[in-house]
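**Q** dropping the sequence and predicted coords here.
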Number of protein chains: 2
Amino acid sequence: MRISALAAAADVPLATVKYYLREGLLHPGTATSATQASYDETHVRRIRVIRALTGPVGLSVQQARTILGLIDDPGVDLYATLGRAVGALPPSVEAPTSDDPDPFPRARAALAALGQVYDPQFAAVAQLEAALAATEAAGMPLSDDRLLEYGRRLREIAAFDLERMPHEPHAAVEYTVLGTALYEPVILALRRLAHQDVASRRELG
Amino acid sequence: MRISALAAAADVPLATVKYYLREGLLHPGTATSATQASYDETHVRRIRVIRALTGPVGLSVQQARTILGLIDDPGVDLYATLGRAVGALPPSVEAPTSDDPDPFPRARAALAALGQVYDPQFAAVAQLEAALAATEAAGMPLSDDRLLEYGRRLREIAAFDLERMPHEPHAAVEYTVLGTALYEPVILALRRLAHQDVASRRELG
């Protein structure tokens, strides 16, 4: 298809397609003449990914470029690449200072209680530490039984997610990034709606 | 305790305590002389709630005031008050236009599939609609089996949360607001860490 048809198929303005091409976020089409190129479904798909990352996920073009680079070149260690890709998603967290021997004590203890792997280089560890510190500051620390209940249910969700991850590495990185970022708001909305549903079936007050 | 001891106990600057008193977010102490008042644990607790709402939860002072008002005066319909309080939390969502007979078709269908109550006035319905629309736009719509899996696990979490809600109405509103907002980042971090843990135990690539 021509570039105008690509813009229509991806439901974005033509100027946006040209901008993505110029920025190198979108791969060039196949030249059909000196001034024209042909585009296909891979271009439509890529535009959707770029739009998701810079729209609902809330990344800058530069941040999106980092993630697109990992999709394009997953390298040989897929596990490490998935960790880097998810670490490039919001929320941004501070890296630990190198002189702190135990920068994430709350997250370390929580993961030990859950019997899960603890790797302080993984961004979600700092994210969990900050979240747990906030619950303590508010006087509502996460109790052990709540941690175990949440941890068990989220591990079931995570196992479901991983079960459906594509085997092909490029697709696996894309699935992991979008599945992490785009399903998170779904999960939070579903929890609030489940609260409402459970409460509506009870005698309150 | 005196106001300086209150500031120390709540771990905030004295100027912050005075600001909360001036703004009416914090209830006055008991006057002990023309220029002094005495404060107690209820003031420490309240400052922690205000700090949580205007800090990690990310509300403006005006938005926090709305929620504090619902904690102070839960009224007779606790179920409706809890809905309003949670609706005042981020993310902010657009109210449906009154002339749209079916403003949230994706959320309505999802809740029907889950067998849950559908009330378009509840803010999390609009939140779910927007989240589902974003998954579709990215070409990663939530499949039915994923919806059922997520819905089941989050309902288990919600039942756990509701089971522990205090019976006293003021405390119930506070618990619901802080438990919704402060435990959400914990849930998202735990899901990412569960992904990592499940992936680390598998052969990838």
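**A** Happy to help now that I have it.
**Q** how far is the longest helix seen in chain A from where the chain is centred?
**A** Longest helix in chain A by number of residues (criterion: DSSP state H): helix A:169-200. From the chain centre to the centre of helix A:169-200 is a distance of 10 Å (C-alpha atoms, centre = their mean, to the nearest Å).
**Q** show me what it is packed up against.
**A** Applying 3 or more C-beta pairs under 8 Å, 6 or more residues apart in numbering or on different chains; DSSP states H and E, we find helix A:169-200 packed against helix A:41-54, helix A:61-72, helix A:78-87, helix A:144-163, helix B:78-87, helix B:123-137, helix B:144-163, helix B:169-200. Any C-beta I mention is one placed from the backbone N, CA and C, and that applies to glycine too.
**Q** now the angle from it to helix B:123-137?
**A** Put simply, helix A:169-200 runs at 160 degrees to helix B:123-137, going by axes from the mean of the first three to the mean of the last three C-alpha atoms, to 10 degrees.
**Q** okay, the angle between helix A:169-200 and helix A:144-163?
**A** Using the same axes, to 10 degrees: helix A:169-200 against helix A:144-163 is 140 degrees.
**Q** so which bits of helix A:169-200 are buried?
**A** Neighbour counts over helix A:169-200 (16 or more other C-beta atoms under 10 Å in any protein chain shown) mark A:169, A:172-199 as buried.
**Q** dump the helices and strands packed on helix A:169-200 into JSON lines; add mean pLDDT and distance to B:V49 as well.
**A** Listed next are the helices and strands packed on helix A:169-200 as JSON lines, based on pLDDT from 0 to 100; distance: least, C-beta to C-beta, whole Å:
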{"stretch": "helix A:41-54", "mean pLDDT": "95", "distance to B:V49": "35"}
{"stretch": "helix A:61-72", "mean pLDDT": "95", "distance to B:V49": "34"}
{"stretch": "helix A:78-87", "mean pLDDT": "94", "distance to B:V49": "32"}
{"stretch": "helix A:144-163", "mean pLDDT": "97", "distance to B:V49": "19"}
{"stretch": "helix B:78-87", "mean pLDDT": "94", "distance to B:V49": "12"}
{"stretch": "helix B:123-137", "mean pLDDT": "96", "distance to B:V49": "20"}
{"stretch": "helix B:144-163", "mean pLDDT": "97", "distance to B:V49": "18"}
{"stretch": "helix B:169-200", "mean pLDDT": "96", "distance to B:V49": "6"}
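**Q** among those, which is nearest A:T32?
**A** Closest to A:T32 of the helices and strands packed on helix A:169-200 is helix A:41-54 (C-beta to C-beta; 14.1 Å).
**Q** spell out whether that closest one and chain B are in contact.
**A** Yes - judged by C-beta under 8 Å from any C-beta of the partner chain, helix A:41-54 comes into contact with chain B through A:R45, A:R48, A:V49, A:R51, A:A52.
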